[in-house]
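**Student:** I would like to see how this sequence folds:
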Amino acid sequence: MAFAILRAAKLKSFGEIGGSLSHTYRTRPTHNADPNRKKDNWHDLADSALVMDAIKKRMPEKVRKNAVLCVEYLITGSPEWEGWGTDKEKAYYDRAVEFLKKRHGAENGVATSVHRDETTPHLVAYVVPIDERGKLNARAFLGGRGKLSAMQTFFADCVKDLGLERGLEGSKARHT
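**Tutor:** Next up, the predicted model:
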């Protein structure tokens, strides 16, 4: 069985965001990407400057020094999933985006991209963690280990009919 994969990274500075965007938009060398397949990638905003501007516009007036400015989600599936390159792939990404909008508010979702120039296709989403009080609050979005685990379980439930299941809960495996 193939697994649904959802990972979140906290970006705490505009420098970190810029580094992530340069990878996402392929403005720096990306060794695990095939440059001949770059044309197969998709971005809902045309370039990284538009994403950075959108993130900055979402910032509250006051920002704590140690605040998480943006959460970068990576959503993919096991390489052996039979849905790659089919209508199931589009349905998977559509549900992933809808999942993030419902979880964090559509206004907090700034940009999404799909990479098809690497071995396994994946979606990258940038979300500004603004809570209902208008403050940056990544803890409310991601919480601790338990909240992240519950989010992964809920996401896997949203896509299980596409032939994907949740990975092993509590696994010590780490992405490299």
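**Student:** which stretches in this structure count as helices?
**Tutor:** 14-24, 48-58, 87-104, 138-142, 145-159 (DSSP state H).
**Student:** turn those helices into a markdown table, columns for mean neighbour count.
**Tutor:** Where you see a C-beta, it was placed from the backbone N, CA and C, and this is true even at glycine. Listed next are those as a markdown table, based on neighbours: other CB atoms under 10 Å:
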| stretch | mean neighbour count |
| --- | --- |
| helix 14-24 | 17 |
| helix 48-58 | 16 |
| helix 87-104 | 16 |
| helix 138-142 | 17 |
| helix 145-159 | 15 |
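**Student:** out of the ones you listed, nearest to Ile5?
**Tutor:** helix 145-159 (8.5 Å; CB to CB).
**Student:** other SSEs contacting the closest one?
**Tutor:** Judged by 3 or more CB pairs under 8 Å, 6 or more residues apart in numbering; DSSP states H and E, helix 145-159 is in contact with strand 2-11, helix 87-104.
**Student:** cutoff 10 Å now
**Tutor:** Here helix 145-159 touches strand 2-11, strand 70-77, helix 87-104, helix 138-142, strand 164-165, going by 3 or more CB pairs under 10 Å, 6 or more residues apart in numbering; DSSP states H and E.
**Student:** for it, what is the average pLDDT?
**Tutor:** Here helix 145-159 scores 92 as its mean pLDDT.
**Student:** contact partners for the spatially most central residue of the chain?
**Tutor:** Central residue of the chain (CA atoms, centre = their mean): Tyr73, 2.0 Å from the mean position. By CB atoms under 10 Å, 6 or more residues apart in numbering, the contact list for Tyr73 reads 6-9, 96-97, 99-100, 103-104, 109, 112, 122-127, 155.
**Student:** sounds good, over and out.
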